[in-house]
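Q: Model the following, please.
(chains A and B)
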Amino acid sequence: MAPIISIEEAGRHSGESVTLRGWLYNQRDAGKLLFPIFRDGTGIMQGVCSLKESPAAYEALKNLTQESSCIVTGTVRPDARAPGGHELHVSEVQVVQRIADGDPYPIQLKEHGTDFLLENRHLWMRAPRQAAILRIRAEAIHAARNFMDSQGYTLTDSPMFTPSACEGTTTLFEVSYIDDEKAYLTQSGQLYLEATAAALGKVYCFGPVFRAEKSKTRRHLTEFWMLEPEAAYAHLEDMMVLGEGLVSHMVQSVVKNRPRELETLSRDVTKLAAVVPPFPRMLYDDAVVTLQKNGKAAKWGDDFGGEDETVLSSQFDRPVIIHRYPASIKAFYMEPDPQRPELALGFDMLAPEGYGEIMGGGERVSSYDLLLKRVREHNLPEDAFKWYLDLRRYGSVPHAGFGLGLERTIAWICGTSHIREVIPFPRLLYRIYP
RNA sequence: UGGGGCGUGGUCCAAUUGGUAGGACACUGCACUGUUAAUGCAGACGGUGGAGGUUCGAAUCCUCCCGCCCCAGCCA
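A: Residues are numbered from 1 along each chain as shown, chains lettered A, B, ... in the order given. From the prediction side, this is the model:
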């Protein structure tokens, strides 16, 4: 019995007889010679099968339909003519399920439109490019968790169901919650993290969040994953350092551990290699001046638009951190800068190459009186925020945190033009199938 | 939610100024012992998003509806 191996490790079995379990990705033929290409989830590998040498396998493979599942055994041989450098000389084929002739696999090895691919996302993800993106996603998540753990942060997840808005302003998905009660899907775990930070010191949560905003851009999903650290006694500077450490660790882990996948995506790895700390930093004040110098109609007090972010980030070869925004354009829980109270001690991190904001955070208001004033100013329901205000009544401390948008970060790492490719099943405005 | 664009066989696209809706790919068969989204030949299937209107005649022009894409706003 030949050992069962994955295509990923086929190169280490040169000259040996092995068994692959997977699918027929594509097949070409030249007379009595077949060139089946197999796919097993770890990669694709070309096979060779001749009628003369393996008549039974030849007959099994001949006219086998694309994406039919099969188990094949053969000898791995190096061959410069084969994509990947090795090919499998097939001696035995077991067809697990043959796709019927009249009902072929819908995804061709040709160009397709966006709508068709999204409608067939459950099949589209089998394509090498899509599989590579999902592997990079897994690597980035793995790296992010490792990094946070290595920095002494404890994972304390926030609830998905919440009784009210975290920030009050953005649109929430409303769901019915037992009997007549209403609940909302969380748009951020931050408020709950502030509680767990007071309990455990340095914490983070990592999970999906939901935004019901009608945003139809290449940078938006209605369900996306966010990694949010929060630390007691931490200040703005601590979070900027943590943030650049996290992002660079994610990028460098992908560069180191997923080079083949980046190659599949034709990603310019030299651009990723440059992403090491420290990241450039810029005061909001200076960012406005920079925009004006570049002919943008920015004025102090405005938030930046997508094009503004591209202008700012394109000046650097790594993400840029913009900090100390006007308090008026930031969330109610942002701590004011004691030097200049009109500024918030917050920051955004903008990815290079026009990928926009991937991180936002800062120091939180620690004074009970100020927070209560802010809650009232923003017309937030005081009773729903009672527990949040409690954190300022019972041993309040300076604390800070941020949120990292996972998909935007991965879209940038992968160089994809749209965020929808970097999550297995994207939830978009007007699309929830499959 | 505003602005712009697009809806044609399973897929990707053509169709001059309103005049018989077509090609490629995919699928099936045949040929070929080194193919790289193979190629060549043959075959079968099958379509103008929907409803009205103008016209001798509409994929094409008009109205409404539906769907999708891009941009902006909002945000990560």
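Q: Which helix or strand contains residue A:144?
A: helix A:128-150 (DSSP states H and E).
Q: residues making contact with the following helix or strand past that helix?
A: Once the chain leaves helix A:128-150, the next helix or strand it forms, by DSSP H and E, is strand A:154-155. Strand A:154-155 has contacts (C-beta atoms under 8 Å, 6 or more residues apart in numbering) with A:145, A:148, A:149, A:196, A:200, A:201, A:202, A:203, A:204, A:205, A:206. Bear in mind the C-beta positions are built from the backbone N, C-alpha and C, glycine included.
Q: What pairs with strand A:154-155, parallel or antiparallel?
A: Counting by DSSP bridges, the strands paired with strand A:154-155 are strand A:202-210 (parallel).
Q: I'd like to check the angle between the helix holding residue A:144 and strand A:202-210, please.
A: Angle, helix A:128-150 to strand A:202-210, by axes from the mean of the first three to the mean of the last three C-alpha atoms, to 10 degrees: 150 degrees.
Q: Show me what residue of the stretch 1-150 of chain A gets nearest to RNA strand B.
A: Scanning the stretch 1-150 of chain A for the residue nearest RNA strand B gives residue A:31, at 1.7 Å (criterion: C-beta to the nearest atom of the strand).
Q: list the buried ones in the host helix or strand of residue A:289?
A: Assigned by DSSP H and E, residue A:289 falls within helix A:284-293. For helix A:284-293, the neighbour count (16 or more other C-beta atoms under 10 Å) marks A:284, A:287, A:288, A:290, A:291 as buried.
Q: I figured the second one was touching residue A:313, is that so?
A: Think residue A:287. No - judged on C-beta atoms under 8 Å, residue A:287 makes no contact with residue A:313 at a distance of 10.4 Å.
Q: Mind jotting down where the helices sit in the stretch 301-434 of chain A?
A: A:306-313, A:368-377, A:386-393, A:406-414 (DSSP state H, counting those that start in this stretch).
Q: State the number of residues packed around the nearest residue to residue A:279 once chain neighbours are set aside.
A: Nearest residue to residue A:279, sequence neighbours excluded (C-beta to C-beta, 6 or more residues apart in numbering): residue A:244, at 4.3 Å. Neighbourhood size, residue A:244 [other C-beta atoms under 10 Å]: 22.
Q: Okay, angle between the helix or strand encompassing residue A:244 and helix A:128-150 too, please.
A: Here residue A:244 sits within helix A:236-257, counting by DSSP H and E. Orientation check (the same axes, to 10 degrees): helix A:236-257 against helix A:128-150 gives 140 degrees.
Q: Can you tell me what sits against the helix or strand just after helix A:236-257?
A: Toward the C-terminus, helix A:236-257 is succeeded by helix A:259-264 as the next helix or strand (DSSP H and E). For helix A:259-264, contacts defined as C-beta under 8 Å, 6+ apart pick out A:43, A:128, A:129, A:132, A:133, A:135, A:136, A:254, A:255, A:269, A:272, A:414.
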